[in-house]
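Colleague: Provide a 3D model corresponding to the input given below.
(one chain, ligands or ions: 2)
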Amino acid sequence: MQVEPSSRLRSVVGDKTAKVLESAFDMTVVDDLLRHYPRRYADIGQLTDLSHLRPGQHVTIMARVVSAKNYSFGPGGRRTRTEVVVTDGTGRLTLTFFQQAWRLKTMTEGKVGLFAGEVGEFRGSLQLTHPDFEPVDGSGEISEDSRLGRGIIPLYRATAKLASWRIEQSVALCLDGLAPLDDPLPEDVRTQRGLTDVRTALEEIHRPRAKEQWQRARDRFRFEEAFVLQTVFAQRRHALERDTATARPPVGGGLRERFTERLPFVLTAGQKEIADVIGADLEQTHPMHRLLQGEVGSGKTVVALLAMLQVVDAGGQAALLAPTEVLASQHHRAITALLGDLAQGGMLGGADDATRVQLLTGSLGAKARKEALADAASGDAGIVVGTHALIQEHVQFADLGLLVVDEQHRFGVEQRSALVDRSDVKPHVLVMTATPIPRTVAMTVFGDLETSTLRELPAGRKPIQTTVVPAAERPAWMDRAWQRVREEVDGGSQAYVVVSRIGVAEESEDKETRSLLDVHAELAAGPLAGLRIGMLHGRLPSDEKDATMNAFAAGELDVLVATTVVEVGVDVPNATVMVVMDADRFGVSQLHQLRGRVGRGSEPGLCLLVTMSDPDSPAGERLAAVAASTDGFELSRLDVELRHEGDVLGARQSGVRSSLRLLSVVRHEDVITDARDAAQTVVAADPTLADHPALAAAVHALEETEQADYLERT
Ligand code: ADP
Ligand code: MG
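Modeller: Ligands and ions are numbered 1, 2, ... in the order given. Presented below is the predicted three-dimensional model:
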């Protein structure tokens, strides 16, 4: 029987195994399994006998189970350790498994098998922890072609129901019957780089006979991952160049010009330069697709506003999407205030040709929503600010010319296209993010965007001073911290207190950390008694969130105890001090974002990072790094080095993430760059991939997972 990559697994490995593969790994077809590469490889070397084991050795032994038993340990005896004693006649060895009580079923007394792993030492005796195990049938025979004959054992990510060697067997069934394959990597792309063809590489990654084989197979598949992804982007870029957009040239004496004249501050050189670049983009007849990265507080909003006004001047409309309601209403407030009478279109006292700025969020009352929708549809609202409710509710625009997406790292890739794909003439798109993104991540996640970067802060900003408060070692510092908060408030400023969770710790949350409710109660009763303290978190009803945020912005609250809902974008210049509780629970970039909430006015900002962790621990060192640097770009590089791949790409980017098995955006910058060039060349010559059917199929599959992933999240 010939096996195709698209064959149902059921027909190749049987119903029972197929069911387990599907429930454990979501695999349904042969290709899914073939792309489940071994996690690592164990060298068999020679069978070692038990009397010759040394700690640190990687060994494979053939032995018989003498006894097996589960032990409970840990808090409440909720964890299990399974100890299996085996013998090969020359000696005995203990195998240890944690949280795998089911091992007892497979390792019954008398069973003979192969065990592979690294020899460790525990309380003076030798043991293997979590060894790979393969039962040997009664004859104990090992054929030439078995894994022992080949000398290398592939170790797969396995589950309780499906051991690594069972996966190996299933893979073998697929490989043995595999029909000839089309290679998604074009031949010249492969030969230029000395990469193996797909069939050989599959064989070598799953059944290597030497280390060099699996290494070069990995190189090939790693490149393939980068290449397919970059082909998606190259195609999108190509399509954008073909797409038409309405040109929105600047209009002399228009809103943009008048607004610029009355700006209460001087634009930084970076703001001017990027505003010009975007202005020129908007004059083109194909859509702009630009990513604006900027240091926290660098003033991205004004740059976006200039672009929006240029579009309004030219007769179009602009939409500004924010990730949270708090941020959307803040943008609405700020833009309305900045524009003054320029935003009072059709109202008494409004300037001639003034426009209107409408807010559209999910929590809007029926009347306000109707008005906002009507203004969007008629074109009376030149600017519509909203959360992604804006997308979901199918807002009709008279003439949407520009879509600005703020804090894009909170959105999925698909989300940004939802509004864009609706019409034939595409709007221009400006995406903004305050978390500086390392180059490779930008190429992997936003590979279809041009990038501009705002590095400088407006003049006159005092740097934020950041201090780590080791609460365990120096309780007195904690008292001093609250005293500082009081002093700031007495001086007319405001403060944030940030916590890592809201209330009673849930299963997944850390019970050691301080909750918002506790901290709020303690502060109100103790160190901050008498101050006006508000609470803000994501689970509050929207109108309550708004009311609290507005009250804080208006100076009616002295202190805001909040979760990370204040992380991005919140702009209250009168806030000068931030105390972050359990600061070690936050990531490096996140802390940098958070402290960007203070010191936004002319007063210097102070950020206190409270932690129970040891200054010498990794967490303590991370906090020290944040305290020592105010450069968001440097910190984001550090962050990327410290974080796991998935966190780097962001939970929201999981469609892309799940397609990356071997490629790391942290470590493989050269591969990503190379693949980008190669993809660009291929797409330029063959935009629809008509001559590259296998590549087209891979691209299509990737886009489908991304899409499916997006749908699942909404
Ligand atoms: P971010 O880039 O973090 O989104 P914002 O756009 O919210 O920053 O700007 C932060 C604050 O700085 C706002 O209050 C804004 O009005 C102000 N601002 C922006 N540009 C300048 C400038 N050139 N000079 C002084 N203040 C500015
Ligand atoms: Mg912002």
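Colleague: Output the longest strand belonging to the chain.
Modeller: Taking DSSP state E as the criterion, the chain has its longest strand at strand 58-73.
Colleague: Report the buried residues of it.
Modeller: Buried residues in strand 58-73, counting neighbours by 16 or more other CB atoms under 10 Å, are found at 59-63, 65, 68. Where C-beta positions appear, they are placed from N, C-alpha and C, glycine not excepted.
Colleague: number of nearby residues for A628?
Modeller: Under the neighbour criterion other CB atoms under 10 Å, A628 is assigned a count of 12.
Colleague: That one and S72, how far apart?
Modeller: Taking CB to CB, to the nearest Å as the measure, A628 falls 45 Å from S72.
Colleague: With G555 instead?
Modeller: The gap separating G555 from S72 is 57 Å, by CB to CB.
Colleague: Over to R667?
Modeller: 40 Å.
Colleague: repeat for R207
Modeller: Counting by CB to CB - R207 and S72 are separated by 40 Å.
Colleague: Kindly report the same for V441.
Modeller: When distance is defined by CB to CB, V441 is 43 Å away from S72.
Colleague: Kindly report the same for L402.
Modeller: According to CB to CB, L402 stands 62 Å off from S72.
Colleague: now V580
Modeller: The separation that V580 has from S72, given CB to CB, amounts to 38 Å.
Colleague: got any ranges where the stretch 251-400 of the chain has weak pLDDT?
Modeller: Counting by pLDDT under 70, the stretch 251-400 of the chain has low-confidence residues at 389-394.
Colleague: What count of nearby residues applies to the residue in it positioned nearest to ligand 1?
Modeller: Residue nearest to ligand 1 within the stretch 251-400 of the chain: G299 (2.8 Å; CB to the nearest ligand atom). By other CB under 10 Å, 18 other residues sit near G299.
Colleague: Next up, the contacts around it.
Modeller: Contacts for G299 were tallied using CB atoms under 8 Å, 6 or more residues apart in numbering; they are 267-268, 271, 454, 457-458.
Colleague: so can I have CSV of those showing distance to ligand 1?
Modeller: Putting the contacts of G299 into CSV (distance: CB to the nearest ligand atom, whole Å) gives the following:
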residue, distance to ligand 1
L267, 5
T268, 5
Q271, 6
L454, 7
L457, 8
P458, 3
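Colleague: May I see the ChimeraX selection of the buried members of these?
Modeller: Selecting just the buried residues from the contacts of G299 in ChimeraX takes one command, with 16+ other CB under 10 Å as the test:
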select :267,268,271,454,457,458
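Colleague: Can you list which of the contacts of G299 are found in strands?
Modeller: Per DSSP E, the contacts of G299 map to strands at L454.
Colleague: Which one of the contacts of G299 is nearest to A690?
Modeller: Taking CB to CB as the measure, A690 sits nearest to L454 out of the contacts of G299, at 41.2 Å.
Colleague: Quick check: the closest one touching V296?
Modeller: No. Applying CB atoms under 8 Å as the test, L454 and V296 come out as separate, 10.4 Å apart.
Colleague: Up against ligand 1, what does this protein have?
Modeller: Proximity of the chain to ligand 1, by CB under 6 Å from any ligand atom, involves residues 265-268, 271, 294, 296-302, 434, 458, 569, 571, 573, 600.
Colleague: What subset of the residues you listed is buried?
Modeller: With neighbours counted by 16+ other CB under 10 Å, the residues of the chain next to ligand 1 contain buried members at 267-268, 271, 294, 296-302, 434, 458, 569, 571, 600.
Colleague: Those residues: which two are farthest apart?
Modeller: Spatially, the most separated pair among those is L267 and G569, at 19.4 Å (CB to CB).
Colleague: Can you give me the buried ones in stretch 159-170?
Modeller: Across stretch 159-170, burial judged by 16+ other CB under 10 Å covers 162-168, 170.
Colleague: longest helix anywhere in the chain?
Modeller: helix 211-242 (DSSP state H).
Colleague: ok, the nearest residue to G605 once chain neighbours are set aside - how many residues close by?
Modeller: Nearest-residue entry for G605: G599, 2.1 Å, with adjacent residues in sequence omitted and distances by CB to CB, 6 or more residues apart in numbering. For G599, the tally of surrounding residues (other CB under 10 Å) stands at 26.
Colleague: which ones are touching G599?
Modeller: 297, 461-464, 576, 605-606.
Colleague: What's the first helix or strand after the helix or strand of the chain with the lowest mean pLDDT?
Modeller: Ranked by mean pLDDT, DSSP states H and E, the helix or strand of the chain with the weakest confidence is helix 413-420, at a mean of 51. Sequence-wise, the next helix or strand downstream of helix 413-420 (DSSP states H and E) is strand 428-433.
Colleague: Helices of the stretch 51-200 of the chain, residue ranges please.
Modeller: Listed in chain order, the helices of the stretch 51-200 of the chain (DSSP state H, counting those that start in this stretch) span residues 103-106, 147-150, 164-177, 187-193, 198-206.
Colleague: cool, and the stretch 601-714 of the chain?
Modeller: Shown for the stretch 601-714 of the chain, the helices assigned by DSSP H, counting those that start in this stretch span residues 618-628, 632-642, 645-649, 654-659, 669-685, 693-713.
Colleague: before we move on, what about the stretch 301-450 of the chain?
Modeller: Counting by DSSP H, counting those that start in this stretch, the segments of the stretch 301-450 of the chain that form helices are 325-339, 366-378, 389-392, 413-420, 439-445.
Colleague: Excluding covalently adjacent residues, which one is nearest to L50?
Modeller: Nearest non-adjacent residue to L50, counting by CB to CB, 6+ apart: G91, 3.6 Å away.
Colleague: Am I right that the one you found is in contact with D49?
Modeller: Yes. Look at G91 against D49 with CB under 8 Å: they come within range, at 7.4 Å.
Colleague: Identify the contacts common to those two.
Modeller: Between them, G91 and D49 share no contacting residue under CB under 8 Å, 6+ apart.
Colleague: Give me the mean pLDDT for stretch 637-651.
Modeller: The average pLDDT for stretch 637-651 rounds to 62.
Colleague: again, but for stretch 183-195
Modeller: In the prediction, stretch 183-195 has an average pLDDT of 96.
Colleague: And the contacts of that stretch?
Modeller: Identification of contacts with stretch 183-195 by CB under 8 Å, 6+ apart yields 196-199, 201, 216, 219-220, 223-224, 227-228, 674, 678, 682, 692, 694-695, 697-698.
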